[in-house]
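Asker: Any chance you could fold what I've pasted below:
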Amino acid sequence: MKLRMNVIDAFTDSNFKGNSAAVIITEEWLADELMQSIAIENNLSETAFVKQINPQYFEIRWFSPMTEIDFCGHATLASAFVIFADNAELKTITFYAEAVGELTVSRAANGYIEMSFPNRKPELVSDIPADLLQGLSIEPVEVLQSEQAYFAVYANEADVLEVAQNKELIKKLAPYDVVVTAQSVTAKSATAQSEKVDFISRYFWPASGGDEDPVTGSIHAGLAPYWAEQLDKPELTAYQASARGGVLLCRVAEDRVYVSGQAVQYLEGYITV
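Answerer: Okay, the predicted model is just below:
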């Protein structure tokens, strides 16, 4: 069986930056074991499998090389990029995923692709796990938690750039991952972008996908509402300060968080399974 597969660099306007995702669109779901095997073979942070229900409605599942993931933003962006490239007349599509419900994705006028996520604002943690505090080389000023991850908040962006994780300790926090974040106070933050960056982050997920995720769209469903409240600013520019790096435009509106990004094609071909 031959399957068309695209590899897209998401949350970037140039190849070899942002976060790579493979996208495979099918008429029927493949067996779970096969989807996991393909994700292992691809060895990208995620492989998205998309089942088309009608021209504008799709079901989506995401697999890391280790396990199926409940919610993935960059692979959703990558999937939308492929669908929009194949269907120039489409302006808006909807994905459905069991853990998060419907995700509406639209082409934005500025060339970005905008995704509508549920608002996953984190809550303050009073009893911070010892494995979290000992698993980070720099102690955060506060810790919050969402359905997805612990949020370690730092006083400055230098701490976010310098903090190291103890993978074995962070892994013990599963099923939760760890995002480290701080407000950005410099004009360009850690990026070469010209726009002002409001906050930066890094994402550690040794139990679910790898040591550090290059750009994590899904966690901005929690980061954006947190920083929108802290900065009293509903529209924000975020930078994920991994080795590859990625820029995300965020907009918070009641129970939804809108996350926008660019994407570029890296590979188009066929796999034989």
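
Asker: any idea how far Asp70 lies from Glu114?
Answerer: Applying Cβ to Cβ, to the nearest Å, one obtains 21 Å for the distance of Asp70 from Glu114. For every residue, glycine as well, the C-beta is placed using N, CA and C.

Asker: These two: which is more packed in?
Answerer: Neighbours per residue, other Cβ atoms under 10 Å: of Asp70 and Glu114, the larger number sits with Glu114, 20 against 16.

Asker: Report the mean confidence score over the one helix or strand that one maps to.
Answerer: Taking DSSP states H and E as the definition, Glu114 sits inside strand 113-118. Throughout strand 113-118, pLDDT has a mean value of 97.

Asker: Then stretch 159-178?
Answerer: Along stretch 159-178, the predicted local confidence has a mean pLDDT of 97.

Asker: neighbouring contacts of that stretch?
Answerer: When contacts are defined by Cβ atoms under 8 Å, 6 or more residues apart in numbering, stretch 159-178 is touched by residues 129, 131-132, 134-138, 145, 148-150, 152, 154, 180-182, 190, 200-208, 211-212, 219, 241.

Asker: Buried residues, it. List them.
Answerer: Within stretch 159-178, the residues that qualify as buried by neighbour count (16 or more other Cβ atoms under 10 Å) are 159-160, 163, 165, 167, 169-173, 176-178.

Asker: what do you get for stretch 2-22?
Answerer: When burial is assessed from 16+ other Cβ under 10 Å, stretch 2-22 yields the following buried residues: 3, 5-12, 17-22.

Asker: which of those residues lies closest to Glu254?
Answerer: Top of the list for closeness to Glu254, among these and by Cβ to Cβ, is Phe11 at 24.2 Å.

Asker: Sort out which one of the buried residues of stretch 159-178 lies nearest Thr47 for me.
Answerer: Asp177 (18.3 Å).

Asker: Mind listing the residues bridging to that closest one?
Answerer: Using DSSP bridges, the beta-bridge partners of Asp177 come out as Ala149.

Asker: In PDB, could you pull the C-alpha coordinates for stretch 85-102?
Answerer: What follows is the C-alpha trace of stretch 85-102 in PDB, where atoms were taken according to Å, rounded to 0.1, in the frame of the first residue of the first chain:
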ATOM      1  CA  ALA A  85      -2.500  23.800  -0.800                       C
ATOM      2  CA  ASP A  86      -4.600  21.100  -2.400                       C
ATOM      3  CA  ASN A  87      -7.800  23.100  -2.400                       C
ATOM      4  CA  ALA A  88      -7.300  26.700  -3.300                       C
ATOM      5  CA  GLU A  89     -11.000  27.600  -3.000                       C
ATOM      6  CA  LEU A  90     -11.200  26.600   0.700                       C
ATOM      7  CA  LYS A  91     -10.900  29.400   3.200                       C
ATOM      8  CA  THR A  92     -11.900  27.500   6.400                       C
ATOM      9  CA  ILE A  93     -11.800  23.900   7.500                       C
ATOM     10  CA  THR A  94     -12.700  22.000  10.700                       C
ATOM     11  CA  PHE A  95     -10.800  19.200  12.400                       C
ATOM     12  CA  TYR A  96     -12.300  17.000  15.000                       C
ATOM     13  CA  ALA A  97     -10.200  15.300  17.700                       C
ATOM     14  CA  GLU A  98     -11.600  13.300  20.500                       C
ATOM     15  CA  ALA A  99      -9.700  15.000  23.300                       C
ATOM     16  CA  VAL A 100     -10.300  18.600  22.300                       C
ATOM     17  CA  GLY A 101     -13.400  18.600  20.100                       C
ATOM     18  CA  GLU A 102     -13.700  20.700  16.900                       C
END
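
Asker: Relative to the whole chain's centre, how far out is that stretch?
Answerer: 16 Å (Cα atoms, centre = their mean, to the nearest Å).

Asker: show me where pLDDT drops low in the chain?
Answerer: By pLDDT under 70, the weakly predicted segments of the chain are 186-195.

Asker: ok, which stretches of it are helices?
Answerer: 32-42, 73-86, 130-135, 157-162, 167-171, 220-231 (DSSP state H).

Asker: Of all these, which one is nearest Arg61?
Answerer: Minimum separation from Arg61 across the helices of the chain (Cβ to Cβ) falls at helix 32-42, 7.0 Å.

Asker: residues of the closest one that come out buried?
Answerer: Buried residues in helix 32-42, defined by neighbour count with 16+ other Cβ under 10 Å: Met35, Gln36, Ile38, Ala39, Asn42.
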